[in-house]
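Colleague: here is my input; please provide its structure:
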Amino acid sequence: MSTPIDMELQCDICFQQFNLEDNRPKSLPCGHTICRECLQNPAFGMKCPNCRKHLATDPGGLPDNFSLIRVMEKDGAPARKVARREDPKVQQLQRGVDAGRRVVQVLRQAIPMAVEALHRQLDSSVAHLRDMESALDKLLRGEQGGDEGELQGPTPDLAVKRLRMEDSLRLLSTDKCTVVAEEGATTWGASVELGRMDDVLRLLLLQLRADSQLQKVVDPEPLPSAAYVGPPRIPILTIAGTDLGATGHLKVNDILRDGHRWRNIRTLNNLKGSNSEELLRVMAPHLEELKILGSVGPTVLEEVQKMPLLKTLIVKCSVDEEDDFPDLPPQLEQLAIYYPTENQLQSVLRMPRLRSLMVHGYHAEEDNWAFPPSQHGALLWLGLQFHVDQKDTMMSLLRAFAASVQELQVTCVVGGDDPAVFSFPELGPDLAACAPAALRRLVLHRPLVRCTQVGACMLQLQTVRGFLPPNASVFCDVCHKSVL
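Modeller: Prediction:
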């Protein structure tokens, strides 16, 4: 049990007894005395841990507290009555004293570090704000000058900063917080309404977001309205040639009359026919996978957009349509799309669960444009087939998912092979500019069934490999050779 003399012979910061070694008592100019070990703690900087007054000299040059040292050399205080340690009341109070000492010690070390972290967060926010203000000023001055040819939108870096600022503002304005804390077998929980006096908690949320430890919660998948009850089945409907009439129309009525064939299906395969949307209207609530053969127009995609459970979609959009195509369902996990429109590609970035994406034949009438970085980080596989005139747009799409894509497939010919629209002699530098940090495998897809220049193919693989991350492999999908 501590006595008044014990209290005088212990450090106010770590509560350890002073000694003549690491816990040697040191006198500070402000009058306080702390041990040498605490004085050397970088968390306190050049300030007294008690009163926070600045130390005018180096901590290593501060003098000893000779009064305390003389007391210790005389073995401390005169004899005194020692309380019985086996007394339960003494033991309980001693545990409280030990815990209190530790709490004060941790707080004295943590608070200066927390203040420093908040200052860094403030400095970072100020720097981001100045960058965006500068870019906005340049953009406005460009518009006033009337030189529209030199106007450029925000760079991907500025787009990321904008999103971070918007997220930071939401966190600083949040009015409700749920917290769960765990230590060993003990758990604490709270769900509180935040008021004006709870800014400390908001600042903690902001710091967690800056450290990438606080993530946005994805809305859970909607549950089906009614679960299937019945015998085991393979829930797939495949459209065959016999399902089409002489004029190419889908025999929707005949299919619907056969309830055992289509009821409660989860997969619709090889959908075709000029009136396919009529069948989709009936099956929309249940479908999870849909593969469409042939080109389709906006009316079919309008029905696809309404499917609440659809996870996988393979579709080819008609290039002859004058009407606008709708956006794609946001809950997709796998998507292969041929000849997509601009708004359809933009909707891809709003899919938090998308893991696999194939884009074929994007052709835009307007100039190339840039995608902002994805905020979800779920995409693992990306396949791209595009002509040279759309290279910048497709590289921007790769850059948007560069932080998560582990395997990339690009349609590319060797040397002077045809078709020349798939010739990308600067593919290596183009990929390196996208900074695919997570990439582990690159597959060069050849449009021809044979690789006619095996030597040139190997050289191309080696060249491209030199621009990729160290752990990435490069393959040709025709001759199946790789460069490790």
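
Colleague: which stretches of the chain form helices?
Modeller: 4-8, 36-39, 66-73, 88-145, 156-173, 199-210, 252-257, 259-262, 276-283, 298-305, 342-348, 391-400, 427-433, 454-465 (DSSP state H).

Colleague: want to throw the ones you listed into CSV with mean neighbour count and mean pLDDT?
Modeller: No exception for glycine: its C-beta is placed from N, CA and C like everyone else's. Compiled in CSV, those are given as follows (neighbours: other C-beta atoms under 10 Å; pLDDT from 0 to 100):
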stretch, mean neighbour count, mean pLDDT
helix 4-8, 12, 53
helix 36-39, 19, 82
helix 66-73, 13, 80
helix 88-145, 12, 81
helix 156-173, 14, 80
helix 199-210, 16, 80
helix 252-257, 14, 87
helix 259-262, 11, 79
helix 276-283, 20, 87
helix 298-305, 20, 90
helix 342-348, 18, 89
helix 391-400, 20, 90
helix 427-433, 17, 92
helix 454-465, 16, 88
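
Colleague: for Ser473, find the nearest of the ones you listed.
Modeller: When the helices of the chain are compared by C-beta to C-beta, helix 454-465 sits nearest Ser473, at 7.8 Å.

Colleague: show me the contact partners of that closest one.
Modeller: By C-beta atoms under 8 Å, 6 or more residues apart in numbering, the residues outside helix 454-465 that reach it are 414-415, 427-428, 431, 442, 444, 451, 472-476, 479, 481-483.

Colleague: cool, stretch 63-71 as well?
Modeller: Under C-beta under 8 Å, 6+ apart, the answer for stretch 63-71 is 8-9, 18, 20, 24-27, 33, 77.

Colleague: tell me how far that stretch is from the chain's mean position?
Modeller: Chain-centre distance of stretch 63-71: 56 Å, with C-alpha atoms, centre = their mean, to the nearest Å.

Colleague: which ones are touching Gly361?
Modeller: Here Gly361 is in contact with 338-339, 385-386 (C-beta under 8 Å, 6+ apart).

Colleague: before we move on, back to that, farthest pair in the contacts of stretch 63-71?
Modeller: Lys26 and Ala77 (21.5 Å).

Colleague: most neighbours, which of the contacts of Gly361?
Modeller: Within those, most neighbours by other C-beta atoms under 10 Å means Phe386, with 22 neighbours.

Colleague: picking up where we left off before, now the buried members of the contacts of helix 454-465.
Modeller: Neighbour counting by 16 or more other C-beta atoms under 10 Å classes 414, 427-428, 431, 442, 444, 451, 472-476, 479, 483 among those as buried.

Colleague: quick one: which of the residues you listed is nearest to Met165?
Modeller: Distances from Met165 to the buried ones among the contacts of helix 454-465, taken by C-beta to C-beta, are shortest for Leu431, at 30.0 Å.

Colleague: surely that closest one touches Phe467?
Modeller: Yes - contact between Leu431 and Phe467 holds when scored by C-beta atoms under 8 Å: they sit 5.9 Å apart.

Colleague: coming back round to it: next, format the helices of the chain as JSON lines and append distance to Gln375.
Modeller: Shown next, in JSON lines, are these (distance: least, C-beta to C-beta, whole Å):
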{"stretch": "helix 4-8", "distance to Gln375": "54"}
{"stretch": "helix 36-39", "distance to Gln375": "44"}
{"stretch": "helix 66-73", "distance to Gln375": "58"}
{"stretch": "helix 88-145", "distance to Gln375": "16"}
{"stretch": "helix 156-173", "distance to Gln375": "6"}
{"stretch": "helix 199-210", "distance to Gln375": "12"}
{"stretch": "helix 252-257", "distance to Gln375": "40"}
{"stretch": "helix 259-262", "distance to Gln375": "38"}
{"stretch": "helix 276-283", "distance to Gln375": "30"}
{"stretch": "helix 298-305", "distance to Gln375": "22"}
{"stretch": "helix 342-348", "distance to Gln375": "12"}
{"stretch": "helix 391-400", "distance to Gln375": "10"}
{"stretch": "helix 427-433", "distance to Gln375": "21"}
{"stretch": "helix 454-465", "distance to Gln375": "29"}
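
Colleague: and these: which comes nearest Pro59?
Modeller: Going by C-beta to C-beta, the one of the helices of the chain nearest Pro59 is helix 36-39, 4.7 Å.

Colleague: tell me the gap between that closest one and the middle of its chain.
Modeller: For helix 36-39, the distance to the chain centre is 41 Å (C-alpha atoms, centre = their mean).

Colleague: what packs against that helix?
Modeller: Judged by 3 or more C-beta pairs under 8 Å, 6 or more residues apart in numbering; DSSP states H and E, helix 36-39 is in contact with no other helix or strand.

Colleague: what residues does that helix touch?
Modeller: Residues contacting helix 36-39 (C-beta under 8 Å, 6+ apart): 11, 13-14, 16, 22-24, 26, 44, 49, 59, 62.

Colleague: pull out the buried members of the residues you listed.
Modeller: By 16+ other C-beta under 10 Å, those give 11, 13-14, 23-24, 26, 44, 49, 59, 62 as buried.

Colleague: any chance of a markdown table for the residues you listed, columns pLDDT?
Modeller: As requested, the buried ones among the contacts of helix 36-39 are exported to a markdown table (pLDDT from 0 to 100):
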| residue | pLDDT |
| --- | --- |
| Cys11 | 82 |
| Ile13 | 78 |
| Cys14 | 77 |
| Asn23 | 81 |
| Arg24 | 84 |
| Lys26 | 85 |
| Phe44 | 71 |
| Pro49 | 76 |
| Pro59 | 71 |
| Leu62 | 82 |
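
Colleague: and those, which is closest to Pro308?
Modeller: Phe44 (57.4 Å).

Colleague: distance of the closest one relative to Arg102?
Modeller: Phe44 is 17 Å from Arg102, where distance means C-beta to C-beta, to the nearest Å.

Colleague: got a pLDDT number for Glu221?
Modeller: According to the prediction, Glu221 has pLDDT 54.

Colleague: what is the end-to-end distance of stretch 268-278?
Modeller: 14 Å (C-alpha to C-alpha, to the nearest Å).

Colleague: buried stuff in that stretch?
Modeller: 268-269, 271-274, 276-278.

Colleague: next: stretch 208-217.
Modeller: Neighbour count says stretch 208-217 has 209-210 buried, by 16+ other C-beta under 10 Å.

Colleague: next one: that stretch to chain centre, how far?
Modeller: 9 Å.

Colleague: now that stretch - C-alpha only, PDB.
Modeller: Backbone C-alpha positions of stretch 208-217 (Å, rounded to 0.1, in the frame of the first residue of the first chain) are rendered in PDB as follows:
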ATOM      1  CA  LEU A 208     -10.000   6.400 -39.000                       C
ATOM      2  CA  ARG A 209     -11.200   7.400 -42.400                       C
ATOM      3  CA  ALA A 210      -7.800   9.000 -43.200                       C
ATOM      4  CA  ASP A 211      -6.000   5.800 -42.100                       C
ATOM      5  CA  SER A 212      -8.300   3.700 -44.400                       C
ATOM      6  CA  GLN A 213      -9.700   1.800 -41.400                       C
ATOM      7  CA  LEU A 214     -13.200   3.300 -41.700                       C
ATOM      8  CA  GLN A 215     -15.100   2.100 -44.800                       C
ATOM      9  CA  LYS A 216     -18.500   2.900 -46.300                       C
ATOM     10  CA  VAL A 217     -21.000   0.100 -45.600                       C
END
